[in-house]
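A.B. asks: Have a look at this fold, sequence not included:
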């Protein structure tokens, strides 16, 4: 039995037994290589679920909308390790009760989706621990190294060009499971902290605010990077912040539901490299 | 016999146009993004794209546009209107859907109160369109009563030649004729055959769709909730749309001076219609998606007798969660009745 | 050009109720005043602004019979209204308009008029009231039913006194239960029930109704019970607006652009709109 059939069956069982009220998974998309989020509420709809190597989106953001979990019932969701880490962060930040989340975990390797054992976020702790010890993506690091080789002026010019493309569609924000604020700082106008205009300066403001807000919270799911309609390499910004958090504070986002937010925690042995 | 323009003469063409005072913008790739940039040489152009990622709308209705510069003094305010220049511009290599988008928006910016910011930019711009001979999975012009070779909104139509050496050239407007008069020796007469237009399958029955939308009972249909369940509420579909035209007006500056700006805004955002009291007439994503579809295929049509959609398909092509107009209208046209 | 507002000088300001203020504005430039005088009719709205903060939409609260100035009455709630509320005499603010449609008061001639307003919605009603009272002889009986949450929340208190004293106006005041003061002599109760108690005749009568959505809903029911036809009841709608001229795309209710086809509608027209979009 392939993973797709296995998980369809499991979803059907979860729904028909009443263990969960909803399964958030992937379905066929508008082209053969596209998958789209689907919301399955009854066992007879589970044939719509698809699970293969094209299922790359992090669906954990769909757990956050107001009211979904307020009835105490559980929801099952298809998640890769990055999404499981997101659930840990959402739990640590009191946005979801992890006991209400049944994880249909899977990973993609060599063009194939394979099941991950475990159904609760805590079951995946060893997996996440091993990911931490492997470190951040070497692929991203290589890309980031290219930027580090540039002079400061050239690097600024690079980001200047990238950010000048931004149209403030906020796809990066909306697709991110971590961007759950009911009213984003950029939508506050008393006072107007951030200008709403999408000129280069305004775009810098938004992208820098975003980068800092995600420091130590981004799990590198790549959702923002893929969502960006003007191809700003947001992955590199996020990666840089993740690397800072890991190097300076040994903080790997989403290790567990007990993890303290890196920018809201003080430890006696925190590095103080900024004090000259 | 028709007039043709050979690829090999395109650089001469550009030189002649520049000599006549035009700047030429064409699809090109810069900083990993395909969009209309000013070009100097034919080799800068990316004319083989199905569509650039960004539309030409950006050059008529920019994402942020300064309206008024102000300086605040005691009991006095100095203001200066920031009038956009009437640039002589040629948009070369526009696709028929994007060109149509401009024509679709003209009545909106012109009804009753005329938006000079749009029309000053429209006034001296010449739209040179290249008919599509290829399409991708997302193209849907034929579903909204347009076509890969439709001339709507264009001043000059170029139809690729079958032999791939150039284009058949046809002026459609006075502005187009005037443009061709600047390059008489570059064009030549030929009986070379044009390539057939791209085949773009019809994806939904627009008449069925608009009839359903016009039925008052459809407004509160459960359909809207189902179809928009996965919508994340970003503005990528609206901002990449060649016809979406909604905007905000914002002041930006310090205590004493600044600029009032017209900024793109989107019906996808919750803040778009939020009252100061906190009441929001469209307070869920499904009501906002309904607004977008209704606006394009019901309200706009009722006011201006045209759908506010030119079938470019960018909304689906770029959607982070694979939504878009096509799926919604397909589902509507497949609804049992 | 299209989005350039008229500079206006604040002539005076008046506190109406807690958080509610009226500004009287005069045109700085004669040509702007001429444009306004030519175009303004009661019911129209404008965008009032302060450079550096933005613009906010509300009605012209002064009548079409008094065009030397513009009065606006607003509750201090957002960024723009807070700054407007802090403007002093002599300060420059801005006005863009007048926009929208109007109350067709010439069609009201020879008829009885029933004005009904709740809370901060007296300003648009007051514009029509004075537009009619300033040519009093053209209309039949005039009844004004006005209610607010508390006595303190009643706006235009001086004018209420004046209407009370006039024998050609029948003023009915009410406050919500619990909102009365010990010396309150008028009604206590919600506008719809007070209206039913007063029971104005629907014969040859036009009703003008402005108030918060919930009050409108129940008052329309009361008017229907009293025998008013929806075609003879006028009301105003408001929505968030940015341009005021049918372009920015947010104020529509269904296919109806409030800024161009409104803000004045008959109850029949409002009932024909998709109610879920209000």
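C.D. replies: Alright, I've got the coordinates. Computed from a predicted model, the values in this text were never measured in an experiment.
A.B. asks: Go ahead and confirm residue C:22 touches residue C:70.
C.D. replies: No. Judged on CB atoms under 8 Å, residue C:22 makes no contact with residue C:70 at a distance of 10.7 Å. The way it works is simple: take the backbone N, C-alpha and C, and place the C-beta from them, glycine included.
A.B. asks: Settle it for me: which of those two has more neighbours?
C.D. replies: residue C:70 (25 against 18; other CB atoms under 10 Å in any protein chain shown).
A.B. asks: How about the secondary structure of the closest residue to that one other than its chain neighbours?
C.D. replies: Closest residue to residue C:70 apart from its sequence neighbours, by CB to CB, 6 or more residues apart in numbering or on different chains: residue C:25 at 4.7 Å. Assigned by DSSP: H, G, I helix; E, B strand; the rest coil, the conformation of residue C:25 is strand.
A.B. asks: which residues touch residue C:25?
C.D. replies: Shown in contact with residue C:25 (CB atoms under 8 Å, 6 or more residues apart in numbering or on different chains): C:8, C:9, C:10, C:11, C:69, C:70, C:71, C:72, C:93, C:95.
A.B. asks: Flag every residue of the stretch 51-200 of chain C that's near chain A.
C.D. replies: Residues of the stretch 51-200 of chain C lying close to chain A (CB under 8 Å from any CB of the partner chain) are C:78, C:79, C:82.
A.B. asks: could the residues you listed be laid out in JSON lines, adding neighbour count and distance to residue C:209?
C.D. replies: Below are these laid out as JSON lines (neighbours: other CB atoms under 10 Å in any protein chain shown; distance: CB to CB, whole Å):
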{"residue": "C:78", "neighbour count": "18", "distance to residue C:209": "25"}
{"residue": "C:79", "neighbour count": "18", "distance to residue C:209": "30"}
{"residue": "C:82", "neighbour count": "15", "distance to residue C:209": "29"}
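A.B. asks: Narrow these to those in helices?
C.D. replies: Counted as lying in helices by DSSP state H, out of those, are C:79, C:82.
A.B. asks: Name the residues of stretch A:238-254 that come out as buried.
C.D. replies: A:238, A:239, A:240, A:241, A:242, A:245, A:246, A:249, A:251, A:252, A:253, A:254 (16 or more other CB atoms under 10 Å in any protein chain shown).
A.B. asks: show me where the stretch 201-337 of chain B has strands.
C.D. replies: Along the stretch 201-337 of chain B, the segments classed as strands by DSSP state E, counting those that start in this stretch run B:247-253, B:257-264.
A.B. asks: can you pull out the helices in the stretch 1-150 of chain B?
C.D. replies: B:10-19, B:96-110, B:116-123 (DSSP state H, counting those that start in this stretch).
A.B. asks: Chain C too?
C.D. replies: Counting by DSSP H, the helices of chain C are C:30-39, C:79-85, C:122-133, C:157-165, C:191-198, C:213-226, C:258-261, C:267-271.
A.B. asks: got the angle for the fourth one vs helix C:122-133?
C.D. replies: Right, helix C:157-165. Angle of helix C:157-165 versus helix C:122-133, following axes from the mean of the first three to the mean of the last three CA atoms, to 10 degrees, is 40 degrees.
A.B. asks: Which positions in helix C:157-165 come out as buried?
C.D. replies: C:159, C:160, C:163.
A.B. asks: what sits up against that helix?
C.D. replies: Contacts of helix C:157-165 (CB under 8 Å, 6+ apart): C:16, C:126, C:129, C:144, C:146, C:154, C:169, C:171, C:173.
A.B. asks: Neighbour count and pLDDT added to the residues you listed, as JSON lines?
C.D. replies: Putting the contacts of helix C:157-165 into JSON lines (neighbours: other CB atoms under 10 Å in any protein chain shown; pLDDT from 0 to 100) gives the following:
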{"residue": "C:16", "neighbour count": "21", "pLDDT": "95"}
{"residue": "C:126", "neighbour count": "28", "pLDDT": "97"}
{"residue": "C:129", "neighbour count": "24", "pLDDT": "97"}
{"residue": "C:144", "neighbour count": "24", "pLDDT": "97"}
{"residue": "C:146", "neighbour count": "28", "pLDDT": "97"}
{"residue": "C:154", "neighbour count": "22", "pLDDT": "96"}
{"residue": "C:169", "neighbour count": "18", "pLDDT": "96"}
{"residue": "C:171", "neighbour count": "19", "pLDDT": "97"}
{"residue": "C:173", "neighbour count": "19", "pLDDT": "97"}
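A.B. asks: Out of those residues, which two sit at the greatest distance?
C.D. replies: Greatest spatial distance among the contacts of helix C:157-165 (CB to CB): C:16 and C:169, at 19.5 Å.
A.B. asks: what about residue A:133, which SS state?
C.D. replies: helix.
A.B. asks: before we move on, what about residue A:210?
C.D. replies: Assigned with three-state DSSP, residue A:210 falls in the helix class.
A.B. asks: Chain B contacts on the stretch 101-250 of chain A?
C.D. replies: Close to chain B, as judged by CB under 8 Å from any CB, the stretch 101-250 of chain A has residues A:161-162, A:165, A:167-171, A:173-175, A:187, A:195-199, A:202, A:223, A:226-227, A:229-231, A:233.
A.B. asks: ugh, wrong one, I meant the stretch 151-278 of chain C
C.D. replies: Residues of the stretch 151-278 of chain C lying near chain B (CB under 8 Å from any CB): C:213, C:239-240, C:242-243, C:245-250, C:252-255, C:260, C:274, C:276-278.
A.B. asks: how about the helices of chain A, start to end?
C.D. replies: A:3-16, A:81-92, A:125-134, A:138-149, A:152-164, A:171-175, A:200-213, A:223-227, A:234-249.
A.B. asks: Many thanks, have a good one.
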